[in-house]
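*Asks:* here's my sequence, what's the structure:
(chains A and B)
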There are 2 protein chains.
Amino acid sequence: MIPQKSYYAGIDLGASYLKFGIVDSRFEIIFKGSVPLGKKKSRKSILKLLENSIRLLLAFAKGKHIKIKSIGMGIPGTIDSKKGIVKGTPPNLPEISNMNLRQMLNRYFVYPIFMDNDANLVALAESRIGAAKGYKNALCLTIGTGIGGGVILDGKLFRGSTFAGAEFGHMIICYHGIKCNCRSNGCLEVYASAPAMIKRTKMFLYQGRKSIIPELVSGKLDRITTETIFQAEKMKDDLAREVICDTAEFLGIGITSAINLLNPQIVVIGGGVSRAGAKFVRLIERETKKRGFPSITDKLKITRAKLGNDAGFIGAAILAAEQP
Amino acid sequence: MIPQKSYYAGIDLGASYLKFGIVDSRFEIIFKGSVPLGKKKSRKSILKLLENSIRLLLAFAKGKHIKIKSIGMGIPGTIDSKKGIVKGTPPNLPEISNMNLRQMLNRYFVYPIFMDNDANLVALAESRIGAAKGYKNALCLTIGTGIGGGVILDGKLFRGSTFAGAEFGHMIICYHGIKCNCRSNGCLEVYASAPAMIKRTKMFLYQGRKSIIPELVSGKLDRITTETIFQAEKMKDDLAREVICDTAEFLGIGITSAINLLNPQIVVIGGGVSRAGAKFVRLIERETKKRGFPSITDKLKITRAKLGNDAGFIGAAILAAEQP
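*Replies:* Next comes the predicted model:
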């Protein structure tokens, strides 16, 4: 008899989208999909969406005659991964504050359900089948609306004492710096996230700096995205180049603090901003290697994430697969 | 027959002193001593000093009819703790650069010799019998001439990928800040070490600020130490208070970055500056709790180191004792 292959479902709950999929035991994607959370998000609607996406995954598996062994979920917040509970109120998805998600979902499904912070699971995915594959100590940063990340130490996902930590965006790079939503000020996130890049660009434009950017957005500055900025930079726009160089410098500074503390083998840069290209990552690398301790930066690799938008649900499925 | 108790020798090689001692299996001190490295330090004289102090410890043990099982050593630099080799050139003790210490000492002694970075061993000592006893995740900062430290994760000493890391003094707290010896700028060490405090005090004095400090050092500003500053603060000196508050703020900022990344249960503050008193540590705590993520600071304890100057050799002996 041929041994039956194992399959795992992964769900990545984001602030605006729910992504999901099924992977096999080698973490290859068998199926994937996504749905928007909708404008009228509520505690109930999100739970319903999670329930329906699990039903969909199970129905797909049934149709394919494969058996899902367990389900993993990534949640944007502090997650008690032992109990499967959302701790406190996630800033980007306050609707699910303090939800006992595992218990709620186990009312409908008898499958083992595991969950963790979404950025942690991205790091797990990159470390198993992505850019950090084969490295025991890795830092994975995700740069988008915020700056988050995950830490892999000795091959395992590092979770901290209270399931928090890896808050790369809230390392302080400027002690009397710009106010941050987290109550502190001078946090990396206020200087190097996507909104920070856009804000910086607009500030320069309001100051009367010349740039091709207003033309690219037909004069509507509210339409500026990081893509606009990277597009302008490719067109040799000075303002865009300055914003990108500044952002890379800020990121290099934050990463320097992190590597001087954690001495990893590799730093993986993911998220929307990183998709701009290899050049941006090289700028970050240059700043980090200029500042970090030589004994730490000598063999350090800094590279782009590999898995893109799928990393979240793949990581969730891997979390489920790696349970003893 | 009563089982024979085990004893371990510990040696703490500093930039100006060599401290050593013997502890029993409960890590209680049986004997301790120290010798100055002398003004004419050389590769040879340091090796000789290490050799002689080991002979002394073994002679003491023989006299007491106790048996040393193994020897641990703390070295101020990056140490390949597996091979017992100094990696590169320690900034505060360049004489021992790249020394294969274990091999050299094993020519004279047949005892198993283990070594590690000195700040790591202070952290190990504090975690086993000091302020961090009973906590699985701890950060230990040592604030003196420089700012170093050690990280305990899951009860074990964290060593990084290349035996580096835990460089708390080289977390960047100000991106365009003061130049640091490490090539970077804005490092915590340039703002909050003992020399930084003294420099800041002198700067204020040169600016014409009134203070009792010149009187305390009979007008000789080069005699100002951190003790002078803390003494002046106790005498309600405004300038001293400002320097101390600034230093605590800087330390709180650096610690915030570290705890937001590592989510420890406890932060232990050691080294000369910390011995100023509980009040200084409370100032650091206030800044950290004001800035850190609530989910991380809620149950976080920030406290003074317990073991003082003995921590180094005790940690070295513990390193030896905990070898499998």
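*Asks:* now do the buried residues in stretch A:288-301.
*Replies:* Using 16 or more other CB atoms under 10 Å in any protein chain shown as the test for burial, stretch A:288-301 gives A:Thr288, A:Lys289, A:Arg291, A:Gly292, A:Phe293, A:Ser295, A:Ile296, A:Thr297, A:Leu300. (Glycine included, C-beta is placed from N, CA and C.)
*Asks:* and stretch A:5-12, by the same measure?
*Replies:* For stretch A:5-12, a neighbour-count test (16+ other CB under 10 Å) marks A:Ser6, A:Tyr7, A:Tyr8, A:Ala9, A:Gly10, A:Ile11, A:Asp12 as buried.
*Asks:* let me know the pLDDT of the second one.
*Replies:* With respect to pLDDT, A:Tyr7 scores 97.
*Asks:* dump the residue contacts of the residue in the stretch 51-200 of chain A positioned nearest to chain B.
*Replies:* Residue nearest to chain B within the stretch 51-200 of chain A: A:Gly160 (2.7 Å; CB to the nearest CB). By CB atoms under 8 Å, 6 or more residues apart in numbering or on different chains, the residues touching A:Gly160 are A:Ala166, B:Asn137, B:Leu262, B:Asn263, B:Pro264, B:Ile296.
*Asks:* is it in a helix, a strand, or coil?
*Replies:* coil (DSSP: H, G, I helix; E, B strand; the rest coil).
*Asks:* A:Ser53 reaches A:Gly10, doesn't it?
*Replies:* No: the criterion here is CB atoms under 8 Å, and A:Ser53 misses it with A:Gly10 at 10.5 Å.
*Asks:* the strands in the stretch 51-200 of chain A, which residues?
*Replies:* Under the criterion DSSP state E, counting those that start in this stretch, strands of the stretch 51-200 of chain A are mapped to A:68-75, A:78-80, A:85-87, A:113-117, A:138-143, A:147-153, A:156-157.
*Asks:* what's the closest of the buried residues of stretch A:5-12 to B:Ala196?
*Replies:* Checking the buried residues of stretch A:5-12 against B:Ala196 with CB to CB, the nearest one is A:Asp12 at 45.1 Å.
*Asks:* leaving out chain neighbours, which residue sits closest to the closest one?
*Replies:* Among residues not flanking A:Asp12 along the chain, A:Gly312 sits closest, at 3.0 Å (CB to CB, 6 or more residues apart in numbering or on different chains).
*Asks:* how close does that neighbour get to A:Met115?
*Replies:* Look at A:Gly312 and A:Met115: by CB to CB, to the nearest Å, they are 12 Å apart.
*Asks:* spit out the residues that contact the two alike.
*Replies:* Listed as contacting both A:Gly312 and A:Met115 by CB under 8 Å, 6+ apart are A:Gly74.
*Asks:* so the two - more neighbours on which side?
*Replies:* Shown here are A:Gly312 and A:Met115; by other CB atoms under 10 Å in any protein chain shown, A:Gly312 has more neighbours (29 against 26).
*Asks:* double-check the more buried one against A:Ala15; I have them as touching.
*Replies:* No: using CB under 8 Å as the test, A:Gly312 is too far from A:Ala15 to be in contact (11.9 Å).
*Asks:* overlap in contacts of those two?
*Replies:* Joint contacts of A:Gly312 and A:Ala15 (CB under 8 Å, 6+ apart) do not exist.
*Asks:* what secondary structure does A:Ile22 sit in?
*Replies:* strand.
*Asks:* list the contacts for it?
*Replies:* The contact partners of A:Ile22, taken as CB under 8 Å, 6+ apart, are A:7-10, A:29-32, A:57, A:60-61, A:66, A:68, A:317.
*Asks:* related to what we said a few turns ago, distance to chain B and mean pLDDT added to the strands of the stretch 51-200 of chain A, as a markdown table?
*Replies:* What follows is those, written out as a markdown table (distance: least, CB to the nearest CB, whole Å; pLDDT from 0 to 100):
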| stretch | distance to chain B | mean pLDDT |
| --- | --- | --- |
| strand A:68-75 | 14 | 97 |
| strand A:78-80 | 5 | 94 |
| strand A:85-87 | 6 | 95 |
| strand A:113-117 | 11 | 97 |
| strand A:138-143 | 9 | 96 |
| strand A:147-153 | 7 | 96 |
| strand A:156-157 | 9 | 96 |
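*Asks:* most tightly packed of those?
*Replies:* Mean neighbour count, computed with mean count of other CB atoms under 10 Å in any protein chain shown, is highest for strand A:138-143 among the strands of the stretch 51-200 of chain A, reaching a mean of 29.
*Asks:* could you list the buried residues of stretch A:235-243?
*Replies:* Judged by neighbour count using 16+ other CB under 10 Å, the buried positions of stretch A:235-243 are A:Asp237, A:Leu239, A:Ala240, A:Glu242, A:Val243.
*Asks:* turn those into CSV, including distance to B:Pro36 and secondary structure.
*Replies:* Output for the buried residues of stretch A:235-243, formatted as CSV (distance: CB to CB, whole Å; DSSP: H, G, I helix; E, B strand; the rest coil):
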residue, distance to B:Pro36, secondary structure
A:Asp237, 62, coil
A:Leu239, 59, helix
A:Ala240, 59, helix
A:Glu242, 54, helix
A:Val243, 55, helix
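*Asks:* so chain A: which segments form each domain?
*Replies:* For chain A, the structural domains run A:7-125+A:310-321, A:131-306, going by automatic domain parsing.
*Asks:* for B:Ser127, which of the ones you listed is the nearest?
*Replies:* domain A:131-306 (13.6 Å).
*Asks:* isn't A:Lys19 right up against A:Asn309?
*Replies:* Yes: between A:Lys19 and A:Asn309 a contact is recorded at 6.9 Å, counting by CB under 8 Å.
*Asks:* looking at the domains of chain A, spot the one closest to B:Gly84.
*Replies:* Evaluated over the domains of chain A, closeness to B:Gly84 peaks at domain A:131-306, with 16.8 Å, by CB to CB.
*Asks:* and the closest one, how far out from the chain middle?
*Replies:* Centre-to-centre, domain A:131-306 and its host chain are 12 Å apart (CA atoms, centre = their mean, to the nearest Å).
*Asks:* got it, and stretch A:7-15?
*Replies:* A distance of 13 Å separates the centroid of the chain from that of stretch A:7-15, by CA atoms, centre = their mean.
*Asks:* would you map the helices across chain A?
*Replies:* A:43-63, A:101-106, A:118-129, A:188-192, A:194-206, A:213-216, A:226-234, A:238-262, A:278-291, A:294-297, A:311-321 (DSSP state H).
*Asks:* can you redo these as CSV with mean pLDDT and distance to B:Glu215?
*Replies:* Shown next, in CSV, are those (pLDDT from 0 to 100; distance: least, CB to CB, whole Å):
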stretch, mean pLDDT, distance to B:Glu215
helix A:43-63, 96, 66
helix A:101-106, 96, 65
helix A:118-129, 97, 55
helix A:188-192, 96, 44
helix A:194-206, 97, 49
helix A:213-216, 98, 61
helix A:226-234, 95, 58
helix A:238-262, 97, 40
helix A:278-291, 95, 41
helix A:294-297, 93, 44
helix A:311-321, 98, 63
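*Asks:* using TSV, lay out the ones you listed together with distance to B:Gly130.
*Replies:* Shown next, in TSV, are the helices of chain A (distance: least, CB to CB, whole Å):
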stretch	distance to B:Gly130
helix A:43-63	46
helix A:101-106	38
helix A:118-129	31
helix A:188-192	32
helix A:194-206	41
helix A:213-216	56
helix A:226-234	48
helix A:238-262	21
helix A:278-291	32
helix A:294-297	27
helix A:311-321	36
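*Asks:* just so I know, which of the ones you listed lies nearest B:Ile269?
*Replies:* Going by CB to CB, the one of those nearest B:Ile269 is helix A:238-262, 16.3 Å.
*Asks:* sweet, I'm off.
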